[in-house]
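# Got a predicted structure here, sequence first:
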Amino acid sequence: MKIHFLGTAAAEGFPNAFCRCQYCNKARELGGKNIRTRSSAIVDDTIKFDYSPDSYMQALRDNIDYSLIEHMLVTHTHSDHLNAADLECRREGIAHGLEHPMHIYGNDAVMYHTRKAIGRFEGARYAFHLLRPFETISVGDALVTPLLADHDKMETCYLYAVEKNGKRLLYGHDSGWFPDATWTWLQGKQMDCAILDCTHGYTGNARDRNHMCIETVLEAQREFRNRDILQREGKIVVTHFSHNSKLLHGEFEEVFNPAGIITAYDGLILHI
């Protein structure tokens with residue numbers, strides 16, 4: 001399974017275009033892995049998580065052919081994760097040479113906002129799938145289970161467990177400490193890779209709500225071991241970083257490398 005990280009920032013990007021704090025200024029100065037766009041990732045070139053406002057630029061930057069995407073798993077409708085109107089660029093008469101629809105999966109709010117933006121073009125180019133928590137579905141040659149996140153009390157936000165070609169992936173953000181039902185479902189699942197939210201730096205709270213911090217990620221790693229959720233050689237990857245974390249890429253690596261946790265950056269490609 002190939003995982004391509006398109007963006008690894010929280011909602012405001014890193015640096016925030018409007019911000020002159022020392023961390024945004026330092027990120028601009030250093031460049032490279034410190035420049036982060038809004039979060040998204042692609043699995044095996046055909047399954048995309050979310051459609052951020054930076055998706056078009058990410059495709060150009062990483063030379064990605066979005067016409068290959070067959071399935072899009074949307075975590076929730078916050079503006080940094082779903083720019084539904086931009087998907088109209090895939091409709092007939094605008095995009096040519098497409099032979100398959102893009103299947104869009106998500107909660108009720110995702111269905112409403114996406115169909116409102118592009119639903120009049122439903123048919124050959126789009127297909128919509130309403131998901132329910134913990135109900136496993138077939139997504140092409142993968143099995144996908146939407147799990148509950150702790151993120152927005154006014155929306156049913158999803159994490160995703162993906163099983164494909166004998167490999168298991170947890171796409172685990174946006175979320176703080178997982179709800180009990182999600183921990184119960186994950187028990188003994190032996191994931192090969194878990195991608196976790198690390199929006200915040202150090203907060204002093206090992207079980208943060210809404211988003212994870214450094215302490216929450218490290219606590220989650222211990223919980224994974226206790227519950228047999230991750231393979232012995234399984235990877236934990238952190239992403240979705242905010243400039244308010246007050247840490248740059250190298251500083252996150254200094255924190256997480258000793259724990260064997262990978263700090264994602266825009267353009268990172270992992271194979272599991």
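Ah, there it is.

# If we go by neighbour counts, what in the helix or strand where residue 111 lies is buried?
Residue 111 belongs to helix 108-118 when assigned by DSSP states H and E. For helix 108-118, a neighbour-count test (16 or more other CB atoms under 10 Å) marks 109, 110, 111, 113, 114, 115, 117, 118 as buried. Any C-beta I mention is one placed from the backbone N, CA and C, and that applies to glycine too.

# quick one: low-confidence ranges for this structure?
Residue ranges of the chain with pLDDT under 70: none are present.

# List the buried residues in stretch 17-36.
19, 23, 24, 27, 33, 34, 35, 36.

# Would you map the strands across the protein?
Using DSSP state E, the strands of the chain run over 2-7, 40-43, 47-49, 71-73, 102-106, 126-130, 137-139, 142-148, 158-164, 167-172, 191-197, 230-239, 261-263, 269-271.

# any idea how far the helix holding residue 111 is from the chain center?
Mean C-alpha position of helix 108-118 versus that of the full chain (CA atoms, centre = their mean, to the nearest Å) differs by 19 Å.

# other SSEs contacting that helix?
If you count contacts as 3 or more CB pairs under 8 Å, 6 or more residues apart in numbering; DSSP states H and E, helix 108-118 packs onto strand 102-106, strand 126-130.

# quick one: contacts for residue 62?
When contacts are counted by CB atoms under 8 Å, 6 or more residues apart in numbering, residue 62 touches 4, 6, 267.

# By neighbours, which of those residues wins?
Greatest neighbour count in the contacts of residue 62, by other CB atoms under 10 Å, goes to residue 6: 25 neighbours.

# quick one, what contacts it?
Contact partners of residue 6, counting by CB under 8 Å, 6+ apart, are 37, 39-42, 52, 54-55, 58-59, 62, 64, 266-267.

# number of nearby residues for the closest residue to residue 121 other than its chain neighbours?
Nearest non-adjacent residue to residue 121, counting by CB to CB, 6 or more residues apart in numbering: residue 91, 4.3 Å away. By other CB under 10 Å, 17 other residues sit near residue 91.

# ok, now how distant is residue 91 from residue 119?
Separation of residue 91 from residue 119 (CB to CB, to the nearest Å) stands at 11 Å.

# Quick check: neighbours shared by those two?
Common neighbours of residue 91 and residue 119 (CB under 8 Å, 6+ apart) are residue 126.

# how long is stretch 203-222 from one end to the other?
Start and end residues of stretch 203-222 are separated by 18 Å (CA to CA, to the nearest Å).

# nope, stretch 12-24 is what I was after
One end of stretch 12-24 to the other measures 11 Å (CA to CA).

# starting at the chain centroid, how far to it?
Chain-centre distance of stretch 12-24: 21 Å, with CA atoms, centre = their mean.

# residues in contact with that stretch?
Contacts with stretch 12-24, where a contact means CB under 8 Å, 6+ apart, come from 25, 27-28, 34-38, 54, 80, 241-243, 245-248.

# got the contact list for residue 82?
By CB under 8 Å, 6+ apart, the contact list for residue 82 reads 50, 51, 52, 74, 76, 106, 110, 113, 114.

# which non-adjacent residue is nearest the fifth one?
In other words, residue 76. Counting by CB to CB, 6+ apart, residue 157 is the residue found nearest to residue 76 once chain neighbours are left out, at 4.0 Å.
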